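[1] here's a sequence, model it:
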Amino acid sequence: MSGVLVLNAGYEPLHRVSLQHAAQMLHRRVAVVEEAVAGKRYGPYPLPAVLRLVRYVQMRWRHRSGTPPWSRAGVLRRDRHVCAYCGARDAGTVDHVLPRSRTADANTWLNTVASCGRCNNLKRDRTPQEAGMRLRYAPRVPSFAELLHA
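    Numbers count the residues shown, from 1 in each chain. Model prediction:
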C-alpha cells in the first residue's frame with residue numbers, strides 16, 4: 001500500500017495521494033486526519049494513513065464507466081505485485097499476454113499481468129503457450145474499490 005487514502009465526506013474511498021499532497025490538504029483545511037500512524041508526525045500534523053474531506057465531492061465520473069481506466073500501476077496493484085508466471089512476490093513489470101506486436105489494443109486489463117523481470121525476459125515477444133509458460137491466474141478487470149484498497 002502506498003500513499004494516503006482519501007475518503008469523501010460520506011466516508012466513500014476516492015483515491016490515494018502522496019504524503020506531501022496530504023500535508024497540503026491538511027494545511028488548506030480541505031481534509032482532516034481520519035486515521036494516523038501511531039506515534040509518528042509529519043511536521044505539525046500526525047502522520048496520516050487516511051484523510052477525510054471536509055466537503056462532499058460528487059463522483060459522477062466513477063459511474064459513467066463501469067471499469068477503471070487501464071494503468072501499469074493498476075495492473076501491479078490488481079495482481080498484488082505477484083508474478084503471473086512463477087509466483088514471485090516482487091513483480092515490478094507488466095507483461096502483455098498477447099504481445100503488443102500482435103494486437104492493436106495491447107494495454108487492456110484482460111491482456112496484461114504483473115510479471116517479474118526474469119519471466120518477462122523469458123517470455124519475450126511470444127504468447128505463454130509458445131514460450132512454454134503457464135499463467136497462474138487469468139487477467140481480469142478490477143473494480144475501483146479493489147484498486148483503492150490493494
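[2] contacting residues for the closest residue to residue 131 other than its chain neighbours?
    Of all residues not flanking residue 131 in the chain, residue 123 sits nearest, at 4.6 Å (Cβ to Cβ, 6 or more residues apart in numbering). All C-beta spots, glycine's among them, are computed from the backbone N, C-alpha and C. By Cβ atoms under 8 Å, 6 or more residues apart in numbering, the contact list for residue 123 reads 85, 95, 115, 131, 133.
[3] repeat that with 7 Å
    By Cβ atoms under 7 Å, 6 or more residues apart in numbering, residue 123 lies in contact with 95, 131, 133.
[4] the second one: neighbour count?
    Meaning residue 131. Neighbour count of residue 131, defined by other Cβ atoms under 10 Å: 14.
[5] same deal with residue 19?
    Other residues near residue 19 come to 13 when the count uses other Cβ under 10 Å.
[6] give me the below-cutoff pLDDT ranges for the chain.
    For the chain, the stretches with pLDDT under 70 are 1, 60-65, 149-150.
[7] and it, what are its domains?
    4-57, 65-149 (automatic domain parsing).
[8] end to end on the first one, go ahead and measure it.
    I take that to be domain 4-57. With Cα to Cα, to the nearest Å applied, domain 4-57 spans 17 Å between its terminal residues.
[9] next one: stretch 84-94
    10 Å.
[10] same thing with stretch 76-96?
    13 Å.
[11] one more: stretch 55-74?
    27 Å.
[12] which parts of that stretch are buried?
    68, 70, 74 (16 or more other Cβ atoms under 10 Å).
[13] how about the first one, what does it touch?
    Listed by Cβ under 7 Å, 6+ apart, the contact set of residue 68 reads 74, 142, 144, 147.
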